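K.L.:
need coordinates for the below:
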Amino acid sequence: MNRAPSFCGVILSAGASTRMGRDKALLPWPPPQSGEIPSRHTFLSAAITSLTLHSDMVLVVVGQNESAIAPVIYANGASLVRNPDPSRGQFSSLQTGLREVLNHGRDAAIVTLVDRPPVNPATLAKLRSAFEAAYSQGKWATVPEFRGKHGHPFVIGREMMEAFLSASPTSNARDVEHAHQQHIEYFPVDDHFTTTNVDTPEDYAALIQPLAG
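P.N.:
Residues are numbered from 1 along each chain as shown. Predicted structure coming up:
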């Protein structure tokens, strides 16, 4: 890449949220402090805001929840792309989003999941800078690593996007990552949100309890 890469944020938000019982994209974030009026911000709006600071545009991959979350997407200046068959799983949403990134002429993507709080702004800035440095050394992706676990958001170049897109629909992101591991930089971060998953009401309660005040 002989010029500065143009980044597109990608948020995967097409899941059915069956274990949560409601759309995880619309979970309030951050939780209100004691006595405060509940915020209108959600996991989705917070993710869009976070990625907007480091991207030229932000795409949200939606599924059957399109009508419910489209107002949040548009109100926060992002665009949406629909996964025509989200029952195929999260990898199909990743492929749907990355195809749209390339269709928009962007050559790098910052990919995250909607079912988690956004990482610290400094973490995201470091990941982007690390990717730009590593890309010139032949790396295709930068993945955050917290206490030995790999997480999100990860940053990928065109080569890694094409590797994901050329993979079988029955594959998964981990398979593709392992097949191209020599081109991936694992970047240590001090941010536990990079590996935080929120799948159930209990997960969400445990996340917000220390913050609710």
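K.L.:
give me the buried positions along stretch 125-140.
P.N.:
For stretch 125-140, the neighbour count (16 or more other CB atoms under 10 Å) marks 126-128, 130-132, 134-135, 139-140 as buried. Where C-beta positions appear, they are placed from N, C-alpha and C, glycine not excepted.
K.L.:
should've said stretch 14-29
P.N.:
14-15, 17, 20, 23-29.
K.L.:
any chance of the buried residues of stretch 125-140 in CSV, plus pLDDT?
P.N.:
Listed next are the buried residues of stretch 125-140 as CSV, based on pLDDT from 0 to 100:
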residue, pLDDT
126, 97
127, 97
128, 96
130, 97
131, 97
132, 95
134, 95
135, 92
139, 96
140, 97
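K.L.:
between the residues you listed, which is nearest residue 83?
P.N.:
Taking CB to CB as the measure, residue 83 sits nearest to residue 140 out of those, at 23.6 Å.
K.L.:
OK, contacts around that closest one?
P.N.:
156-157, 159-160, 163, 180, 183-184 (CB atoms under 8 Å, 6 or more residues apart in numbering).
K.L.:
of all those, which comes closest to residue 198?
P.N.:
For these, the nearest to residue 198 is residue 156 (23.4 Å; CB to CB).
K.L.:
okay, the closest one and residue 80: tell me how far apart.
P.N.:
20 Å (CB to CB, to the nearest Å).
K.L.:
so for the two, which sits in the more crowded spot?
P.N.:
For residue 156 and residue 80, the more surrounded residue by other CB atoms under 10 Å is residue 156, and the numbers stand at 29 against 19.
K.L.:
which residues does the more buried one bridge with?
P.N.:
Going by DSSP bridges, residue 156 is paired in beta bridges with residue 109, residue 141.
K.L.:
dump the residue contacts of it.
P.N.:
By CB under 8 Å, 6+ apart, the neighbours of residue 156 are 108-109, 111, 131, 140-142, 164.
K.L.:
can you check residue 14 too?
P.N.:
By CB under 8 Å, 6+ apart, the contact list for residue 14 reads 61-65, 82-83, 86, 90, 93, 96.
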